[in-house]
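K.L.:
Output the structure for:
(chains A, B, C and D)
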There are 4 protein chains.
Amino acid sequence: MTAIPYRSALIIGAGSGISASLARVLRSAGLSVVVAARDVEKLSPLVDETAAFALPVDASDAKQVERLFVETDALIGSPEVVIYNASGRVRGPIAELDPSEVEKAVAVSALGAFYAVQQAARRMLPAGKGAILLTGATAGVKGFANSAPFAMGKFALRGLAQSAARELAPKGIHVAHVVVDGAVRSKLRPDPNESPDSTLDPDAIAQSYVDLLRQHRSAWSWEIEVRPWGERF
Amino acid sequence: MTAIPYRSALIIGAGSGISASLARVLRSAGLSVVVAARDVEKLSPLVDETAAFALPVDASDAKQVERLFVETDALIGSPEVVIYNASGRVRGPIAELDPSEVEKAVAVSALGAFYAVQQAARRMLPAGKGAILLTGATAGVKGFANSAPFAMGKFALRGLAQSAARELAPKGIHVAHVVVDGAVRSKLRPDPNESPDSTLDPDAIAQSYVDLLRQHRSAWSWEIEVRPWGERF
Amino acid sequence: MTAIPYRSALIIGAGSGISASLARVLRSAGLSVVVAARDVEKLSPLVDETAAFALPVDASDAKQVERLFVETDALIGSPEVVIYNASGRVRGPIAELDPSEVEKAVAVSALGAFYAVQQAARRMLPAGKGAILLTGATAGVKGFANSAPFAMGKFALRGLAQSAARELAPKGIHVAHVVVDGAVRSKLRPDPNESPDSTLDPDAIAQSYVDLLRQHRSAWSWEIEVRPWGERF
Amino acid sequence: MTAIPYRSALIIGAGSGISASLARVLRSAGLSVVVAARDVEKLSPLVDETAAFALPVDASDAKQVERLFVETDALIGSPEVVIYNASGRVRGPIAELDPSEVEKAVAVSALGAFYAVQQAARRMLPAGKGAILLTGATAGVKGFANSAPFAMGKFALRGLAQSAARELAPKGIHVAHVVVDGAVRSKLRPDPNESPDSTLDPDAIAQSYVDLLRQHRSAWSWEIEVRPWGERF
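P.N.:
Residues are numbered from 1 along each chain as shown, chains lettered A, B, ... in the order given. As a prediction, this is how the structure comes out:
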């Protein structure tokens, strides 16, 4: 089994779900890891467990994302893997939404990803090597009613991912978009006993990210989706 | 041939191309029309020709879009047709783009459309009737290299369109997204003699918008694309 | 309003729904029309009503399709419009289906369309003009459970349509695929009173075919979908 | 790293490329393997190398596919993994193709896959466990000019895969479709020196099949695509 061919990773939008699983599996594989989130206090248990570094960032702010990368460079060197896992969501009928909340949601889901991809590209292009993984959602391929802002943000993220893959893959940078289709289980949302594995195990999702990182450049995927076996789609 | 079942239209992002053709054809069909653009001076010839009204708007500003609708209400009544035709575009390698220009591009292509759809929905929902047409591009279904901001904006627009269609169609509002695939001909970009109709005639595009407006609610399209006969796709 | 720029049409898979509406609207527009179906007796009322010609064909048989075109040539000249509206459907769990019925379903939905497109292309290419419209279904873009044969046939039809559009459009032949998403109303399946227009009116569908036929070659659509306003999608 | 949770595999359409790589990697992982092809003689070297079993089959013949599964049952027990890797291809302008060759191409690409999925489902459903992997191509998502039969077959295969995934995944059977986008390297088509890894390494493709087999049921993919890093898409 091929090892992950990268030494360092920056995970943006870290929380207790997919990001935590990613931090664990990448640390076990020997990578240096920085996890970044708005509320860095919440990351303490993960930091204690994995010896990852934690940095604060509001991903919707270009300057903060730039600073995050500079600080990451100092801590673990230029990250060879960058994972963007933040998203902004506001639900409700179109007529009733607050425009400023819509702007914020799109900024977190999509503009923040752009800032991260840009910073990543600037570091990876000279090396001709790196991987950028973007966490998408079903909302990025199907726009649901009463969820326009999330659809806008996740569609935009997918457009960014596809454009970046077309631009950066021929320069040695693997860009991939992971469509997470379904509810991710957590302490707050445990897997239902009567319907086992009907929610996504974050460790199982993280494994697919690892599979992407291990793909040979002659057979890269730019997109995969993952969903529970019983999920209607 | 069925008539267009609407009396008034607001066209946002009006210029000399698709919007002008739309203004002409909707005026000939007897609708009252407001055209809106950042530079309202440029609309003078169109206003003279069609007796449409012209109003200024920066579509990336929620307040201005709100004011535009209020002014439109006063001029022609609540618009029963709203067409969003503005887009923001900045090209270049991801590593070299200016983040503030990216934000602006996404705001014009997608957030402005949201503001317009919201204002339209607020007016059309009580009537249980109306049509919202959004001008998309190939970039909304395929993210090209060196064009990430346009892909982000147009993907987001498509997500908005699909979400809005799912939400508003069952309430009597026809939402449709038109994928314009190819170069639109204009005075500056005439159709090449050696390859006739290899560019999109804006009048021909406008005809497909009219066809959408005339569709019976038992057989609505939420998306169509139009491209020149010889266009590679 | 532009007239339909064609003089003759062959409609294959004619029954009482979409095909009958098409025959009526094309006849009213002045085209000569041949309708073809396995059971030509059933077409008598339509023939009486529209003065279209009726010919028998089993569309899953290449020889019969070839003969149909020869007979059509004799009756109305080479058809400038060819519409394929036949489909084969067998439902059930994959494990329980009869392979020979699956073969038959795919043959009617997809192979028959190929035979028709081929015969049409041979006639239209020398003229550099013509239109080929293929009736698809949601099953052609989404494969539902317990409906594998219909998914196979309709996906194949869509692949044919897209390939044919790429090949024949630059030669002046408009190929389009119409995704009919929902139940088509009929005498046997009337529109429910409590939910008006929740089924597709075949006349409304036919209007979209006419719109396609009237598109200018600088702005052709290769695919549209139509669905009732309240349809979940 | 999780082991492959299956004990036996049947690979249909085996040749020297993807199938051979799959046979090797599955044999190394300890699975019993049957490889099946029309010309079983060609499989001798692979059989000698991997100690897989070889059986003859014309996959376009339902009876032969049925017999193949019976013989496989006898050799290695009911296969827990079934991989369909056969495809039929005939190229040329639509007007010039031989209908019987088109039928054959669709039969090999799509009907044969149906027969295999059906036989697999019958064996896997009682166990509530199994994996069915179908080898697709770009032609299954994009219909190219002068390649209608391949588009028809591969679109149909994708429709089958999606329908089967929706039907069988909730019953414990993982169905996945792999879009191979690009040329697969081989002795006859070596990777170009001046453009390394611009062709797909069959071992790299096979690794993605293995990744699919190792996915936890809470996060299954029904489709992935793989392409060389420099491939235009």
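
K.L.:
Mind jotting down where the helices sit in chain A?
P.N.:
If you assign secondary structure with DSSP state H, the helices in chain A sit at A:18-28, A:44-50, A:62-76, A:99-106, A:112-127, A:148-168, A:202-214.

K.L.:
any idea which of these is most buried?
P.N.:
Comparing those by mean neighbour count (mean count of other Cβ atoms under 10 Å in any protein chain shown), helix A:148-168 comes out on top with a mean of 29. (Each C-beta comes from the backbone N, C-alpha and C, glycine too.)

K.L.:
Just the C-alpha atoms of that helix, please, in CSV.
P.N.:
Written as CSV, here are the backbone C-alpha positions of helix A:148-168 (Å, rounded to 0.1, in the frame of the first residue of the first chain):
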residue,chain,number,x,y,z
ALA,A,148,-30.5,29.1,-1.8
PRO,A,149,-27.4,30.5,0.1
PHE,A,150,-26.0,27.1,0.8
ALA,A,151,-26.6,26.1,-2.9
MET,A,152,-24.9,29.2,-4.1
GLY,A,153,-21.8,28.7,-1.8
LYS,A,154,-21.4,25.0,-2.6
PHE,A,155,-22.1,25.4,-6.3
ALA,A,156,-19.4,28.1,-6.3
LEU,A,157,-17.0,25.9,-4.4
ARG,A,158,-17.5,23.1,-7.0
GLY,A,159,-16.9,25.6,-9.9
LEU,A,160,-13.7,26.7,-8.1
ALA,A,161,-12.7,23.1,-7.7
GLN,A,162,-13.2,22.2,-11.3
SER,A,163,-11.5,25.3,-12.6
ALA,A,164,-8.6,24.9,-10.2
ALA,A,165,-8.3,21.2,-11.2
ARG,A,166,-8.1,22.1,-14.9
GLU,A,167,-5.6,24.8,-14.2
LEU,A,168,-3.4,23.2,-11.5
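
K.L.:
which helices and strands sit right next to it?
P.N.:
Applying 3 or more Cβ pairs under 8 Å, 6 or more residues apart in numbering or on different chains; DSSP states H and E, one finds that helix A:148-168 contacts helix A:99-106, helix A:112-127, strand A:130-137, strand A:173-180, strand A:223-226, helix B:112-127, helix B:148-168.

K.L.:
thinking again about what came up before, can you redo the helices of chain A as JSON lines with distance to residue D:108 and mean pLDDT?
P.N.:
Putting those into JSON lines (distance: least, Cβ to Cβ, whole Å; pLDDT from 0 to 100) gives the following:
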{"stretch": "helix A:18-28", "distance to residue D:108": "41", "mean pLDDT": "97"}
{"stretch": "helix A:44-50", "distance to residue D:108": "50", "mean pLDDT": "95"}
{"stretch": "helix A:62-76", "distance to residue D:108": "51", "mean pLDDT": "98"}
{"stretch": "helix A:99-106", "distance to residue D:108": "47", "mean pLDDT": "98"}
{"stretch": "helix A:112-127", "distance to residue D:108": "42", "mean pLDDT": "98"}
{"stretch": "helix A:148-168", "distance to residue D:108": "32", "mean pLDDT": "98"}
{"stretch": "helix A:202-214", "distance to residue D:108": "30", "mean pLDDT": "98"}
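
K.L.:
how about the ones you listed in JSON lines, adding distance to residue D:76?
P.N.:
Formatted as JSON lines, these follow (distance: least, Cβ to Cβ, whole Å):
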{"stretch": "helix A:18-28", "distance to residue D:76": "33"}
{"stretch": "helix A:44-50", "distance to residue D:76": "42"}
{"stretch": "helix A:62-76", "distance to residue D:76": "48"}
{"stretch": "helix A:99-106", "distance to residue D:76": "53"}
{"stretch": "helix A:112-127", "distance to residue D:76": "45"}
{"stretch": "helix A:148-168", "distance to residue D:76": "39"}
{"stretch": "helix A:202-214", "distance to residue D:76": "27"}
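
K.L.:
so which of those gets nearest residue C:127?
P.N.:
In terms of Cβ to Cβ, the element of those nearest to residue C:127 is helix A:148-168, at 38.8 Å.

K.L.:
ok and that closest one relative to helix B:112-127, angle-wise?
P.N.:
With axes from the mean of the first three to the mean of the last three Cα atoms, to 10 degrees as the criterion, the two stretches helix A:148-168 and helix B:112-127 enclose an angle of 150 degrees.

K.L.:
From the chain's centroid, how far away is helix A:148-168?
P.N.:
12 Å (Cα atoms, centre = their mean, to the nearest Å).

K.L.:
Identify the residues contacting the closest residue to residue A:78 other than its chain neighbours.
P.N.:
Closest residue to residue A:78 apart from its sequence neighbours, by Cβ to Cβ, 6 or more residues apart in numbering or on different chains: residue A:123 at 4.1 Å. In this structure, residue A:123 makes contact with A:69, A:73, A:78-79, A:130, judged by Cβ atoms under 8 Å, 6 or more residues apart in numbering or on different chains.

K.L.:
quick one on the thing from earlier: TSV for the helices and strands packed on helix A:148-168, including distance to residue B:86?
P.N.:
Converted to TSV, the helices and strands packed on helix A:148-168 look like this (distance: least, Cβ to Cβ, whole Å):
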stretch	distance to residue B:86
helix A:99-106	16
helix A:112-127	20
strand A:130-137	26
strand A:173-180	27
strand A:223-226	29
helix B:112-127	6
helix B:148-168	10
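
K.L.:
Nearest approach to residue D:160 belongs to which of those?
P.N.:
With Cβ to Cβ as the criterion, residue D:160 lies closest to strand A:223-226 of those, at 18.3 Å.

K.L.:
touching chain C at all, the closest one?
P.N.:
No. Legend: contact between strand A:223-226 and chain C by Cβ under 8 Å from any Cβ of the partner chain is lacking; minimum distance shown is 14.4 Å.

K.L.:
what does that strand contact?
P.N.:
Contacts with strand A:223-226, where a contact means Cβ under 8 Å, 6+ apart, come from A:136, A:138, A:141, A:158, A:161-162, A:176-181, A:200, A:204-205, A:208, A:212, D:215, D:219-225.

K.L.:
model confidence over that strand, on average?
P.N.:
Taken as a whole, strand A:223-226 has a mean pLDDT of 97.

K.L.:
Also stretch A:186-198?
P.N.:
The predicted model gives stretch A:186-198 an average pLDDT of 93.

K.L.:
and it, anywhere near chain D?
P.N.:
Yes. Stretch A:186-198 comes into contact with chain D (Cβ under 8 Å from any Cβ), by way of A:191, A:197-198.

K.L.:
Need those residues in a markdown table (columns: distance to residue C:52).
P.N.:
Listed next are those as a markdown table, based on distance: Cβ to Cβ, whole Å:
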| residue | distance to residue C:52 |
| --- | --- |
| A:191 | 60 |
| A:197 | 57 |
| A:198 | 54 |
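
K.L.:
So what's the residue count around residue A:139?
P.N.:
Residue crowding around residue A:139 was assessed by other Cβ atoms under 10 Å in any protein chain shown; the count is 28.

K.L.:
Check residue A:56 too.
P.N.:
Applying the criterion other Cβ under 10 Å, we find 15 residues in the vicinity of residue A:56.

K.L.:
I'd like to know how many residues surround the residue lying closest to it once chain neighbours are set aside.
P.N.:
Sequence neighbours aside, residue A:40 is the residue nearest to residue A:56 in space, at 4.3 Å (criterion: Cβ to Cβ, 6+ apart). Other residues within reach of residue A:40, judged by other Cβ under 10 Å, total 15.

K.L.:
roughly how far apart are residue A:40 and residue D:185?
P.N.:
Going from residue A:40 to residue D:185 by Cβ to Cβ, to the nearest Å gives 47 Å.

K.L.:
ok, so what distance separates residue A:48 from chain D?
P.N.:
Using Cβ to the nearest Cβ, to the nearest Å, residue A:48 is found at 26 Å from chain D.

K.L.:
How about residue A:181?
P.N.:
The span separating residue A:181 from chain D equals 9 Å under the rule Cβ to the nearest Cβ.

K.L.:
since we're on the residue lying closest to that residue once chain neighbours are set aside, how many residues are nearby?
P.N.:
In space, not counting the residues next to it along the chain, residue A:181 is nearest to residue A:227; the distance is 3.8 Å by Cβ to Cβ, 6+ apart. Taking other Cβ under 10 Å as the neighbour definition, residue A:227 ends up with a count of 21.
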